[in-house]
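K.L.:
let me see the structure of the following:
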Amino acid sequence: MRVRSNSVFASSVLHTVALLFFVWAGLWKYFSAGGFILIGLIVVWTGYVKRSRSAWLLMCAIVWFWAFPIFVFPFLAGAIGGRLEVSLSESKTEVAFLLMVTGLVVPIRKFFPSRRVGESQHPPKAMLT
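P.N.:
Down below sits the predicted model:
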């Protein structure tokens, strides 16, 4: 198996690193974190690498509906309320969250390519004469 260095592979590595960090940061806080982390890792290394749009959408949902409310929103609420308390473990979760957001943004053209008007979606067939 040959590993190619492209944006989808780099994004998969970023998601894996962030999700494995959430194992350390999230399991002591929330028991349900293990299920989301396992689902995220399975999606990243099965569907995401194959450039499945549904895998990208599922990872987007995990980032914005699971990781953001649990790990980043309390930090932002404290910052807006004026009682900013920064601890080392919280700052690491924000870095892991930024890795996940970067992992979503980097390969967006691979998952949702722009199509020009009049451009065929199918490659031309060889003509037999």
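K.L.:
quick one: find the helix or strand in the chain with the lowest mean pLDDT.
P.N.:
Sorted by mean pLDDT, DSSP states H and E, the helices and strands of the chain end with helix 73-81, the least confident at a mean of 72.
K.L.:
could you point out which element follows that one?
P.N.:
Using DSSP states H and E, the helix or strand that directly follows helix 73-81 along the chain is helix 88-105.
K.L.:
quick one: average confidence on that following helix?
P.N.:
Mean pLDDT, computed over helix 88-105, is 80.
K.L.:
contacting residues around that helix?
P.N.:
If you take CB atoms under 8 Å, 6 or more residues apart in numbering as the criterion, helix 88-105 is touched by 11-12, 14-15, 17-19, 21-22, 25, 56, 59-60, 62-63, 67-68, 71-72, 74-75. For the C-beta atoms, the positions are set from N, CA and C on the backbone; glycine is no exception.
K.L.:
got it, and stretch 51-61?
P.N.:
The contact list for stretch 51-61, computed with CB under 8 Å, 6+ apart, reads 8, 15, 39-40, 43-44, 46-48, 100, 103-104, 107, 110-112.
K.L.:
let's see that with 7 Å instead.
P.N.:
Residues outside stretch 51-61 that contact it (CB atoms under 7 Å, 6 or more residues apart in numbering): Val8, His15, Gly40, Val43, Val44, Gly47, Tyr48, Leu104, Lys110, Phe111.
K.L.:
would you mind listing the buried residues in that stretch?
P.N.:
Judged by neighbour count using 16 or more other CB atoms under 10 Å, the buried positions of stretch 51-61 are Ala55, Trp56, Leu58, Met59.
K.L.:
ok, stretch 102-119 next?
P.N.:
Result for stretch 102-119 [16+ other CB under 10 Å]: buried residues Gly103, Leu104, Pro107, Phe111.
K.L.:
check contacts around Ser12.
P.N.:
Applying CB under 7 Å, 6+ apart, one finds that Ser12 lies in contact with Val44, Trp45, Tyr48, Val49.
K.L.:
follow-up on the earlier one: quick check: the two most widely separated of the contacts of stretch 51-61?
P.N.:
Comparing all pairs in these by CB to CB, the longest separation belongs to Gly40 and Lys110, at 18.7 Å.
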